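K.L.:
Test case, fold it:
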Amino acid sequence: MEVKTLFVPVVKEEMVGRINRLSQTSKALWGTMNVEQMMAHLQRPISLAFGKHKLKGNFILKLIGPLFKSALYNDKPYKHGLPTDKTYIVSDAKNFEQEKNKLVEMIHDFKEENISDAKHDIFGTLTKEQWSKATWKHIDHHLQQFGV
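P.N.:
Presented below is the predicted three-dimensional model:
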């Protein structure tokens, strides 16, 4: 798989185009989230990249996390059903249009100057390019989950 960077405008627009193909009736091919929850879920790691969200992460995760850091942004697809930080889990009902609009706005705001210099709470230091690739890969994973 080719991992792209969200800093490239055409890549950003491609991602927004895929999001715009989602509808309230879009069904997941795997997993338990509905489409609204998925879009809300995607906003949390973007907020982390912007320095506006914190992960809890336990001592063990913080110790071993840096060993697995490259899995965030390398060219190997994420496996289905990987563990998710509790702060990323969205279980309450959400509004489709609101979540879609927020997600699209966050993707448009995904620029180098908006990425935090703070260390990732589990994986340690990430370059802005690594943040961008990890974010693209995560969004791509979930859009594939919903068939777009």
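
K.L.:
Quick one: the strands in the protein, in order.
P.N.:
Listed in chain order, the strands of the chain (DSSP state E) amount to none at all.

K.L.:
for the residue lying closest to His142 once chain neighbours are set aside, what are its contacts?
P.N.:
Of all residues not flanking His142 in the chain, Met38 sits nearest, at 5.2 Å (Cβ to Cβ, 6 or more residues apart in numbering). Glycine gets a C-beta too; all of them are placed from N, C-alpha and C. Residues in contact with Met38, defined by Cβ atoms under 8 Å, 6 or more residues apart in numbering, are 28, 90, 142, 145-146.

K.L.:
Which of the residues you listed fall in helices?
P.N.:
Assigned to helices by DSSP state H, the following of these qualify: 142, 145.

K.L.:
Quick one: which of the contacts of Met38 has the lowest pLDDT value?
P.N.:
Between the contacts of Met38, the one the model trusts least by pLDDT is Val90, at 92.

K.L.:
Where does pLDDT dip in the protein?
P.N.:
When residues are selected by pLDDT under 70, none of them lie in the chain.

K.L.:
could you pull out the helices for it?
P.N.:
Remark: helices assigned in the chain by DSSP H are 9-20, 35-49, 59-64, 96-108, 128-145.

K.L.:
How about the shortest one, which residues are buried there?
P.N.:
The one in question is helix 59-64. Applying a neighbour-count criterion of 16 or more other Cβ atoms under 10 Å, the buried positions in helix 59-64 are 61-62.

K.L.:
name the helices or strands packed onto it?
P.N.:
Taking 3 or more Cβ pairs under 8 Å, 6 or more residues apart in numbering; DSSP states H and E as the contact definition, helix 59-64 has no neighbouring helices or strands.

K.L.:
Determine how far that helix lies from the middle of the whole chain.
P.N.:
Put simply, helix 59-64 sits 21 Å off its chain's centre (Cα atoms, centre = their mean, to the nearest Å).

K.L.:
same deal with the second one?
P.N.:
The offset between the C-alpha centroid of helix 35-49 and the centroid of the whole chain comes to 6 Å, using Cα atoms, centre = their mean.

K.L.:
Out of the helices of the chain, which is closest to Leu72?
P.N.:
The closest approach between Leu72 and any of those, judged by Cβ to Cβ, belongs to helix 128-145 at 3.9 Å.
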